[in-house]
Structure formats: structure tokens, C-alpha cells
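Enquirer: give me the fold of what follows.
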Amino acid sequence: MISHALAKVGLQDQQLLSRIVWATGPEGELLNRLDAQQLCNLIWSVAVCVDAVNGVTAAYMAQDVTPGSSSSSSSSRPSQLQQYELPRAWLGVVSRAFQYKISGYSSAGLTMALWGLCRLRLAPGRWLKAFFEASGSQLGQFSRQELAVVAYALGKMRAEIPPQWLSQYLAASTEGLTQLSSQELSMSLWGLATCGAAPHKAWLMAWFLSSRASMQRASTQDLSLWLYSLALLRLTPSPLWCTSYVEASFAPLTARSTHPQELVNVMWAISCMEWSPPMLYWRGLLDAARSNFGRFNAQDLANCISAATAVDVSSIERPWLASFLQASEPKLPSFSSLQLAHTIAALAAVDKAHDWAATCIHAAWQEAFVQAAARQLGNRRFKSRALELVVHGLRQLHFSSSPQPQQEFVRRAEALLEHMKRAQQDGQQQQQQQQQQQQPEPGQPTPAAWLPQEEE
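Expert: Numbering: from 1, shown residues only. Take a look at the predicted model:
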């Protein structure tokens, strides 16, 4: 069909794409005449065409697997990811058609449609429930590559995977893990980890065996995703796997060309694991981070300093911290409340561990931090835990600048924390009162569970 052919060559004409969408949407009649395979082709091709129209390159789509991305990322992404947005009516009618024709899809068709709907950012709903119900018994017929794409697409949507479907997926994919490429291994593990779906022991053993065998050929993106995904699942690899990982990843991760987020993801993952990497390896990551501070966004900077102090605060040296402060100061206004909290908590730990830290964390940075935190406080962006971390960090940190702005912020923050605490207590009391009111009065029999209840 026309849209499929245009997707193959890379359609970048928005007007032509709009006509295709109109012809297959509620206003046109073409959609009703499509069979299941043609509908899958339509969904896939429109997703590719939308990305092409919006300037999303194939390289970007590959990088999009990287977790923890945000709009402030330092990678070369389109400034507006959705310059062209599909009409809601078109998405609605296509999702309903997908459900109606669900019994006619092949494994390739289901994979293409799921990937396309994921790329089109269609929110999980009835159509995804229909996918789970229709695909579970067919997963044994999916190819190894199709199973990896399915996991990746579900991860992109942060889907809630039904336990029965997960069991069927693991049974179908375990044997083929040893034949997957490093990227497919990344897609499989990251997709499940992002959905909070923990694989069973047999699946993990096969994954560890396959990933260790392909480490020397893996890209930095895959190496980063592997460790990040394992950290999400709260898993610490075996010493043998960790040794192989250190040998395979040290040179590529410490290279100047490494993407900042890939480096930070590895540092964050190590900080979450019960694993102490070799000191030479960890110092190499710190040096690589210092060389890339200028390319880090707010999220990268906050995660980096937090991981550095969590793994080994004694390994942080004065030149490294000075470079961090220089790079982070102009970006503090873009820090979220949680990023500010992690940053000040980490710096308080550095200040406690090193005598020289008090003179390194200079007045200009301190003032910029308090201003950024005050702005977040004024906009009511802080949650109680993050605000507690900031207050504690400011009290622990030695301030070389005027203490008045810091003291004023702490005063306002503590007042807000007290208000949050009272509101939480009031809410708990109201909940308890409602529960007591719903209980039957003494002497009044409780209706039997099997009796029909009147609808309210």
C-alpha cells in the first residue's frame, strides 16, 4: 500500500501524510476495507512517517532505547518531538480497528502494530488489553527478534504486564536468548525492567550467558543499558560477569565519544548494586565524567554527583569537584526539585568527608543553588522527602556566602514541611472516621456476602 511504500523511502511531506491520515480516518472509508495485515502495515508506516516529518532520524530512534531521557537531554534531538500530531479521532478509530481485527494478525503483524502504536504514543487502554489476550497463546510462534521488539515497545509505554502473559513470554523467549544480538538483549531486558516485570531464574541465567558472550561486540549503549536494567531489577551480577563487564566496557565508556547519558547510567547503576568495582575502573569513569561535564544536562549532573558520593566519596578529588561546580552552576535553574535535593545531599557528604570541600564550594554556586531552590519552593514543586533532603543538606553544608538567604529558605521550607505534616495527619484522621462510619452499628447485622446488594 502507498503509506507502506512511502515509509520505506522516508516520507517527509506533512501535507501528503495528512491526506493519508484523512483517507484512513473517520472521514474516509478506506480503513473499513483493510484486512488485518494491511492495518498493521498502516500503523507501522504512519509511525515511521510521523517520525520522518518531525525530523526524528533512524539514529535517534535507536538512541531512544536509552532510559532516563528527558526533554532537557544534551543529545541531538529534535527541538519539538511532535511538531505534527495525529488527530485524536484517527488514533481512536485505528485503536478500535486494531482490537476488532485482533484475531487475524500474524506474529509479525502484532509486533509491527504494537511497535507502531508505541511510537505514536497511544496511551495503554483496551487495545493493549486485547493485545495481551490475543498474543499470549501465540508467543511461542514469535521469532526471537519479534519477542525483543515486543518487550521494548511495552517498556516504552511503561505497560503493566499481566502475570500470566509474562509467564508465557518468558517461556517463549528463554531458549532464544543465547542467539540474540547485543541490541536485542538490551531491548528485552530493558523492556521488562522498565515495566517492573522480573524474569525468572532460568531466563536470567540464559540472558547472563548470552550477554557475557557478546560483551566484546556490544556498543556503549548496550553496555550501559545492561547495567542500568539490572539495577532497575535490583540485581547484582556474579563476580565473573562483573569482571568480564569491566574488561569489555572500560575503554568504550571512558572514550571521549561516549554519550553522557550512557556514562551516567553506568555510574548510577553501580551505586545501586552490591558491587564494588575496581578502583582503577571507577576512577576512569570519574575522569570520563569530568571530561564530559560540559555536555551533561541537569539530570546527568545530579545523577553523577549522587552516584559518585554513594559509591566512594573518598575518591572525589578537589579538581573533579571544582569542574562539577563550574559546569552545574549555570544549569541550576533548570534542575528539578528532586535533582536539587540529590545534589545538595551529595555535596553535604563531600563536605563531611573532605576538609578542603568547604573552600571549594564557593559562594557564587551556593547563592545560585539557594535561588534555584527558592524558585522551586515558591512554585510548590517540592515533595516532602525532597524538601527534607534540601533542608538537611543546607544545614550540613558550610556556607561561605551570606547566611541570610539560606536561613530564609530554611525557615520557609520548615514551615511548609510542618503544613504538609499536618495535612497528612488530617487526611489520615478523616480516612479513619470514614471507615468507622461505614462499619455497622452495634446490633445491626451485616448483609451476607452472597446476598445481592442494592446499587447506589
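
Enquirer: separation between F132 and A108?
Expert: F132 is 18 Å from A108, where distance means C-beta to C-beta, to the nearest Å. Heads up, the C-betas are built off the backbone N, CA and C, glycines and all.

Enquirer: what does F142 give?
Expert: Taking C-beta to C-beta, one finds F142 at 9 Å from A108.

Enquirer: of these two, who's got more company?
Expert: When F142 and A108 are compared for neighbours, F142 comes out ahead with 22 against 16, by other C-beta atoms under 10 Å.

Enquirer: and the pLDDT at that one?
Expert: Looking at F142, its pLDDT is 96.

Enquirer: is it in contact with S107, as I believe?
Expert: Yes. Between F142 and S107 there is a contact under C-beta atoms under 8 Å: 4.4 Å.

Enquirer: can you give the distance of stretch 269-282 from its chain's centre?
Expert: 21 Å (C-alpha atoms, centre = their mean, to the nearest Å).

Enquirer: that one spans what distance, first to last residue?
Expert: Terminal residues of stretch 269-282 lie 12 Å apart, using C-alpha to C-alpha, to the nearest Å.

Enquirer: same question for stretch 303-320.
Expert: Using C-alpha to C-alpha, first and last residues of stretch 303-320 are 15 Å apart.

Enquirer: list the buried residues of it.
Expert: N303, C304, I305, S306, A307, A308, T309, A310, V311, D312, I316, W320 (16 or more other C-beta atoms under 10 Å).

Enquirer: helix or strand right after the strand or helix carrying the fourth one?
Expert: Same thing as S306. Under the criterion of DSSP states H and E, S306 resides in helix 298-312. Next helix or strand after helix 298-312 toward the C-terminus (DSSP H and E): helix 318-328.

Enquirer: any regions of the stretch 201-350 of the chain where pLDDT drops low?
Expert: By pLDDT under 70, the stretch 201-350 of the chain has no low-scoring segment.

Enquirer: now the helices for it?
Expert: 201-213, 220-232, 239-253, 260-272, 279-292, 298-312, 318-328, 337-353 (DSSP state H, counting those that start in this stretch).

Enquirer: state which helix of this protein is the longest.
Expert: Longest helix of the chain, by residue count under DSSP state H: helix 403-438.

Enquirer: which other helices and strands does that helix contact?
Expert: helix 363-378, helix 384-396 (3 or more C-beta pairs under 8 Å, 6 or more residues apart in numbering; DSSP states H and E).

Enquirer: could you dump those to TSV with distance to E262 and mean neighbour count?
Expert: Shown next, in TSV, are the helices and strands packed on helix 403-438 (distance: least, C-beta to C-beta, whole Å; neighbours: other C-beta atoms under 10 Å):
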stretch	distance to E262	mean neighbour count
helix 363-378	27	19
helix 384-396	26	18
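
Enquirer: out of these, nearest to S238?
Expert: helix 384-396 (33.6 Å; C-beta to C-beta).

Enquirer: ok, and what's touching the closest one?
Expert: 337-338, 340-342, 344-345, 347-348, 351-352, 370, 373, 377, 382, 406, 409-410, 413-414, 416-417, 420-421 (C-beta atoms under 8 Å, 6 or more residues apart in numbering).

Enquirer: mind giving me the PyMOL command for buried ones among these?
Expert: In PyMOL, a selection of the buried entries from the contacts of helix 384-396 looks like this (16+ other C-beta under 10 Å):
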select buried, resi 337+338+340+341+342+344+345+347+348+351+370+373+377+382+406+409+410+413+416
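
Enquirer: let me see the ranges of the helices in the stretch 1-150 of the chain.
Expert: Ranges of helices in the stretch 1-150 of the chain, per DSSP H, counting those that start in this stretch, are 2-9, 14-24, 36-53, 58-63, 88-100, 107-119, 126-135, 144-156.

Enquirer: list just the one of those helices that sits closest to L285.
Expert: From the helices of the stretch 1-150 of the chain, taking C-beta to C-beta, the stretch that ends up closest is helix 58-63, at 20.4 Å.

Enquirer: pLDDT of the closest one, averaged?
Expert: 40.

Enquirer: and what of stretch 393-405?
Expert: Stretch 393-405 comes out with an average pLDDT of 78.

Enquirer: span of that stretch from start to end?
Expert: Terminal residues of stretch 393-405 are spaced 15 Å apart (C-alpha to C-alpha).

Enquirer: now do that stretch: distance to the chain's middle.
Expert: So, by C-alpha atoms, centre = their mean, the centroid of stretch 393-405 is 34 Å from its chain's centroid.
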